[in-house]
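Trainee: quick one, fold the following:
(one chain, ligands or ions: 1)
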Amino acid sequence: MDKLIINGGKPLLGTVGISGAKNSAVALIPAALLADGPVVIENLPRIQDVAIYYELLKELGADVLFEDDWMEIDGRPMKPIVMPNGRVKKLRASYYLWGALLAKFGEAHVGLPGGCDLGPRPTDLHMKGFEALGATVENKNGVMSIRARNGRLKGARIYLDLVSVGATINIMLAASKAEGVTIIENAAREPEIVDVATLLNNMGADIKGAGTDMIRISGVDRLHGCRHTIIPDRIEAGTYMIAAAATNGNVLVENVIPKHLEAVSAKLREIGAEVRELDDAIQVIGRGRYRASDVKTSPYPGFPTDLQQPITTLLALAQGCSIVTDNIYSSRFRHVEELRRMGASIKVEGRSAVIEGGRKLNGGKVVASDLRAGAALFIAGLATEGTTELEGLEHIDRGYENFVGKLQKLGADIQRISLPQSEHHQR
Ligand code: EPZ
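Mentor: Numbers count the residues shown, from 1 in each chain. Below is the predicted model of the structure:
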């Protein structure tokens, strides 16, 4: 196990380059299995979730070449096998194998996913979509066995009761080779969904409306190989924007699509940071004194739930009382306990964190419980005079490529050290 030693209180200064989007990558990789030839994916983030997917694809019998930020995937040698829990549990997004294998073989047998502990992570909307497309769904001791009646799915009109990124993408994957037309109503509009639709269309699919709340998929018989470059990770970018503000720094966040970050830029301006949008970069300049602000997360283009935890850290430093409400996940507040150990005054009431800002934080020993809680905590350490020790780095490694290196390049005094197993803190 490793831990971070952060000597905080210094402004982040300079330029940070943003990697490919994690939440695109984990869907694009299974989507590539649908082609009857090699698909090359470029600009992959160098993160644990991609490495796990590489192992999963090899287990499935695909031909995969993987080096650095580049992967060539050829699903032709694959056979429809059962993917028991095992490795799939390490990855929330392993559920995209359901839609991909269902479209490829007319059947999928994959264990229920694992992933971050944000409270219940149901997949009922995914199953509703598959059943609407004419599949039977059976949970066999945690392995979901999904079969298309008569071996091929049939297009259908599907209304999603909740806006769901995963269900929208999974249904798009399954419907891409179904017979006839599928309409997804109340679809999620995240940029990562557009990224997956772009890849599928370049493979020969016929998908219209991705990025809106109604997506029309006309099934095709075959999909072919192609090359695809992943969009930048708007959540990684937002994390560095918030870190720049929290440390009163001046950071140019490069290789972003500013439109994907409009809600985050607006919120940072409201709190009092200066935010300048360039063509493919955003500059954030801290202003030292920040105003309290209420944040309510909502599906894209609203304020993203994945940045709810990091913005909470910034608001703990702002003057006045802020309320952060997560309308997507009901219990995404495990960072609060750790921030309180650093002197923050926050209490969780239902789906909201009530933050009494304006208090100086102190360094301390804290543990990340999930990916974005880890981000909230390393931002707190960077913004705080004194030394903070952060464990639970395996969560952060899942979604932030080389975050220690990127922060060091911005002038952060941050070291990653290995711990003998005995010293690992259990909470
Ligand atoms: C994706 O998760 C992201 N993960 C999450 O990012 C992100 O927080 C989330 O979308 C919301 O934007 C990936 O893309 C791999 P949802 P997903 O289906 O697809 C409920 C990160 O930090 N729901 O949009 O699982 C669900 O409980 C991760 O990078 C159902 O009730 O999220 C939640 O309350 C964390 N039934 C809401 O919908 C379902 O069948 C939105 O979930 C599916 C979801």
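
Trainee: all contacts plus neighbour counts: C-alpha atoms, from now on.
Mentor: Noted.

Trainee: so what's N85 scoring on pLDDT?
Mentor: pLDDT, N85: 71.

Trainee: just Q421 next, same as before
Mentor: Looking at Q421, its pLDDT reads 73.

Trainee: ok, the nearest residue to it once chain neighbours are set aside - how many residues close by?
Mentor: Spatial nearest neighbour of Q421, excluding adjacent residues (C-alpha to C-alpha, 6 or more residues apart in numbering): M1 at 6.3 Å. For M1, the count of nearby residues is 15 (other C-alpha atoms under 10 Å).

Trainee: test my guess that M1 contacts R416.
Mentor: No - the criterion here is C-alpha atoms under 8 Å, and M1 misses it with R416 at 10.3 Å.

Trainee: residues from this protein in reach of the ligand?
Mentor: Counting by C-alpha under 6 Å from any ligand atom, the chain comes close to the ligand at 23, 93, 121-126, 162, 164-167, 305-306, 328-329, 371-372.

Trainee: N23 is in contact with P191, isn't it?
Mentor: No - the criterion here is C-alpha under 8 Å, and N23 misses it with P191 at 9.5 Å.

Trainee: what's the closest non-adjacent residue to S265?
Mentor: Spatial nearest neighbour of S265, excluding adjacent residues (C-alpha to C-alpha, 6+ apart): V275 at 6.3 Å.

Trainee: roughly how far apart are the residue sitting furthest away from the middle of the chain and G106?
Mentor: In terms of distance from the mean C-alpha position of the chain, N150 ranks first, at 35.2 Å (C-alpha atoms, centre = their mean). According to C-alpha to C-alpha, to the nearest Å, N150 and G106 sit 9 Å apart.

Trainee: hang on, the earlier thing: show me the contacts for the residue nearest to Q421.
Mentor: By C-alpha atoms under 8 Å, 6 or more residues apart in numbering, the contact list for M1 reads 392-393, 418-421, 424.

Trainee: now, which of those residues sits nearest L65?
Mentor: L65 lies nearest to L393 out of these, by C-alpha to C-alpha, at 27.3 Å.

Trainee: for the closest one, grab the count of nearby residues.
Mentor: 20.

Trainee: got it, and the one 10 residues further on?
Mentor: As a burial measure, the neighbour count of F403 was computed by other C-alpha under 10 Å and equals 16.

Trainee: any stretches of this structure with poor pLDDT?
Mentor: The model of the chain has pLDDT under 70 over residues 114-120, 422-427.

Trainee: this structure: helices as residue ranges?
Mentor: All helices of the chain, identified by DSSP state H, fall at 22-32, 48-59, 85-88, 96-105, 124-132, 165-175, 191-202, 234-246, 262-271, 308-317, 334-341, 371-383, 393-397, 403-409.

Trainee: out of the contacts of M1, which end up buried?
Mentor: 392-393 (16 or more other C-alpha atoms under 10 Å).

Trainee: so which of the contacts of M1 comes closest to L44?
Mentor: Taking the contacts of M1 together and measuring to L44 by C-alpha to C-alpha, the closest member is L393, at 20.4 Å.

Trainee: contacts only, for the closest one.
Mentor: Going by C-alpha under 8 Å, 6+ apart, L393 touches 1-4, 368, 374.

Trainee: go with 7 Å
Mentor: Listed by C-alpha atoms under 7 Å, 6 or more residues apart in numbering, the contact set of L393 reads 2-3, 368.

Trainee: now for the residues you listed, which sits with the most neighbours around it?
Mentor: A368 (22 neighbours).

Trainee: ok, that one touching G392?
Mentor: Yes - using C-alpha atoms under 7 Å, A368 is in contact with G392, at 4.7 Å.
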